[in-house]
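# pasting the sequence and the predicted model now:
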Amino acid sequence: MGTENAVGGSPGRAARAEGESETETAPGSLEGLNSSVPIPSENAGFWRQYRAFVGPAFLVCVGYMDPGNWGTDLQAGASFRYGLLWVVAVSSFMAIIMQVCAARLGIVTGKDLAQACRDFLPSWTRWPNWFACELAIGACDLAEVLGSAVALNLLFHIPLFWAVLITAFDVLLILAFQGIGMRFIEALIVTLVATIGGCYFIEIFVLPQTTPSFLEMGSALLTPGFRSEGMLLGAIGIIGATVMPHNLYLHSALVRTRQLGFDEPTIRRAIKFNTIDTVLALSLAFLVNSAILVLAATTFYGREGAALASGEIVSFDKDADWIRVAYLTLAPLLGAGSASALFAVALLASGQSSTITGTLAGQVVMEGFTHWRIRPWVRRFVTRAVAILPAVVVIGVNGSGSVTDLLVLSQVVLAVQLPLAMFPLLYFTSSKQRMGRFRNGWFLLTVGWASCLLITALIVYGLPEAVEKAWAVIAG
């Protein structure tokens, strides 16, 4: 895992010594990828060092632009124009803080968040925590399944039921990628993220019908508030869909794919470049989420519906399936089929990139909490089955109009799990015993705990209504 020439009192050495009996027989998660990427010496130039460290945050950032985010952003833009754009910015900032803390935990202690929870928290918390994490990953995978399936349905007119089943077999593709190596996976994810960003760049800046009012957007960012009924619940939905619990576990493990030691200069260098990586990657995710909201605000706000080429009228009401509505109505409203095609391609890239990172997160959580080592294809099929089963049942019974209901169900599960990931993360990274001199400073300490408490309060506030909607989905 690294060198032993740690400076006296090194938190990496201390953390490993305290949990020595458990960690000696528990190698790092992501076996085969852990410590697989070499880093240059500290005398190398800035860009050479940055290229070696860049990657983990870009894998994480796809979770911040997955299909669950698309639904909330589209609905916010269609309902309130640019009124909730500031919420996207605030939630993205809070996500950056949490991911920076997750990266620091992995770098300094040599443990990912799942391993730290197993080793540093009371033993009775281990199994409930693991079970909650598995539920959250299954819920996240459900959103990814739905996003990919809807994209296949829209692009190739495959019935949604069969499109959901087709997504079950992307496990073979994922396993092939993992066998090639970490840098290839990172390059693939960056390509998919660039595809999403490129599609929205064209729609916002090239297609004249969707060019927004940048002055109005700037005003909305600088004057936050809840001026209309329903905006608070919309804000809760955006925050709940933005900060993803499984990303905290994943990021703390991905930073250990670099060949890091526990000496102070290496730790400082890794923290520096991973912080830069996190800020850049999640800023890109913020721009994509903002673009989705802006596209909806420009195209749908103030309209009650649109007529399709077939003569069918699509209504823009609060219960609309906004992902499908956006695709179906972009061409009639804008007079060009290219907008709809770009939207569907970006959605497919979003679903597939989130699938890859969801697989890795599931591996990290299982290995970290249980120390089980099972074959990746078994792990993937189990996770995929958990996600696909509710999708197949609900879509088979209620038809393709239930996609939004399933996304609501997935977001409720993720919201419940999020505090269970945030509180231990901030507790560990604020502890001098666990982190030594690299514990959170006053800025991360203040902003991190404030973000954690605010997110938790909003989740608790919105949970009764969300659970009511989720139960309606379960009860049919």
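Cool, got the structure. Numbers count the residues shown, from 1 in each chain.

# now the helix ranked longest in the chain, how far from the centre of its chain.
Counting residues, the longest helix found in the chain (DSSP state H) is helix 264-300. Relative to the mean C-alpha coordinate of its chain, helix 264-300 is positioned 11 Å out (CA atoms, centre = their mean, to the nearest Å).

# give the rounded mean pLDDT of it.
Across helix 264-300, pLDDT averages out at 91.

# who's in contact with stretch 120-129?
19, 117-118, 369, 420, 424, 428, 434 (CB atoms under 8 Å, 6 or more residues apart in numbering). Just so you know, the C-beta spots here come from the backbone N, C-alpha and C atoms, and that holds for glycine as well.

# quick one: which two of those residues are the most distant?
Among the contacts of stretch 120-129, the pair separated by the greatest distance (CB to CB) is 19 and 420, at 20.4 Å.

# re earlier: other SSEs contacting the longest helix of the chain?
On a contact count with 3 or more CB pairs under 8 Å, 6 or more residues apart in numbering; DSSP states H and E, helix 264-300 meets helix 46-53, helix 56-61, helix 67-80, helix 85-109, helix 182-201, helix 322-334.

# let's have the ones you listed in a markdown table, adding mean pLDDT.
Formatted as a markdown table, the helices and strands packed on helix 264-300 follow (pLDDT from 0 to 100):
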| stretch | mean pLDDT |
| --- | --- |
| helix 46-53 | 91 |
| helix 56-61 | 89 |
| helix 67-80 | 81 |
| helix 85-109 | 94 |
| helix 182-201 | 81 |
| helix 322-334 | 66 |
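
# so which of those helices comes closest to residue 248?
helix 85-109 (4.6 Å).

# what sits against residue 224?
Residue 224 makes contact with 86-87, 90 under the criterion CB under 8 Å, 6+ apart.

# residues in contact with the residue most central in space within the chain?
Centroid check for the chain by CA atoms, centre = their mean gives residue 63 as the closest residue, at 1.9 Å. Contact partners of residue 63, counting by CB under 8 Å, 6+ apart, are 140, 244, 246-247, 250, 354, 357-358.

# over to residue 369?
114, 117-118, 126-127, 129-130, 133.

# put the buried members of these into a ChimeraX selection.
Of the contacts of residue 369, the buried ones go into a single ChimeraX selection, burial set by 16 or more other CB atoms under 10 Å:
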select :114,117,118,126,129,130,133
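
# pipe the contacts of residue 369 into CSV and attach pLDDT and distance to residue 37 per row.
Output for those, formatted as CSV (pLDDT from 0 to 100; distance: CB to CB, whole Å):
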residue, pLDDT, distance to residue 37
114, 93, 21
117, 94, 25
118, 92, 25
126, 90, 30
127, 90, 33
129, 90, 29
130, 89, 28
133, 86, 26
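
# show me where the stretch 351-476 of the chain has strands.
When secondary structure is read from DSSP state E, counting those that start in this stretch, the stretch 351-476 of the chain shows no strands.

# sorry, back to before: give me the buried positions along the longest helix of the chain.
264, 266-267, 269-271, 273-275, 277-278, 281-282, 284-300.

# what's the answer for stretch 451-460, then?
Applying 16+ other CB under 10 Å to stretch 451-460 flags 451-452, 455, 458-459 as buried.

# and what of stretch 413-423?
413-422.

# what does it rub up against?
68, 98, 113, 129, 132-133, 135-136, 138-140, 240-241, 243-246, 248-249, 452, 455-456, 459, 462-463, 466, 470.

# those in helices, which ones?
68, 98, 113, 129, 132-133, 135-136, 138-140, 240-241, 245-246, 248-249, 452, 455-456, 459, 462-463, 466, 470.

# distance of residue 444 relative to residue 239?
Remark: distance between residue 444 and residue 239 (CB to CB, to the nearest Å) = 19 Å.

# more neighbours: the two, which one.
Remark: of residue 444 and residue 239, residue 239 carries more neighbours, 25 against 18, as counted by other CB atoms under 10 Å.

# how near is that one to residue 372?
Using CB to CB, we find residue 239 at a distance of 33 Å from residue 372.

# low-confidence stretches in the stretch 301-450 of the chain?
Applying pLDDT under 70 to the stretch 301-450 of the chain flags the ranges 307-312, 318-320, 322, 328-339, 373, 375-377, 379-388, 390-406, 408-409.

# if you set the cut-off to 90 instead, what comes out?
301-418, 420 (pLDDT under 90).

# likewise the stretch 101-250 of the chain?
In the predicted model of the stretch 101-250 of the chain, residues 130-247 satisfy pLDDT under 90.

# helix, strand or coil for the residue nearest to the centre of the chain?
helix (DSSP: H, G, I helix; E, B strand; the rest coil).

# quick one, grab the pLDDT at it.
Residue 63 is given a pLDDT of 79.

# circling back to that earlier point, got a winner among the contacts of residue 224 for most neighbours?
That'd be residue 87 among the contacts of residue 224, by other CB under 10 Å, with 24 neighbours.

# enumerate every residue touching it.
Under the criterion of CB under 8 Å, 6+ apart, the neighbours of residue 87 are 76, 224, 234-235, 238-239.

# select only the buried ones of the ones in helices among the contacts of stretch 413-423 in PyMOL?
Selection of buried members from the ones in helices among the contacts of stretch 413-423 for PyMOL, criterion 16+ other CB under 10 Å:
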select buried, resi 68+98+113+129+132+133+136+138+139+140+240+241+245+246+248+249+452+455+459+462+463+466+470
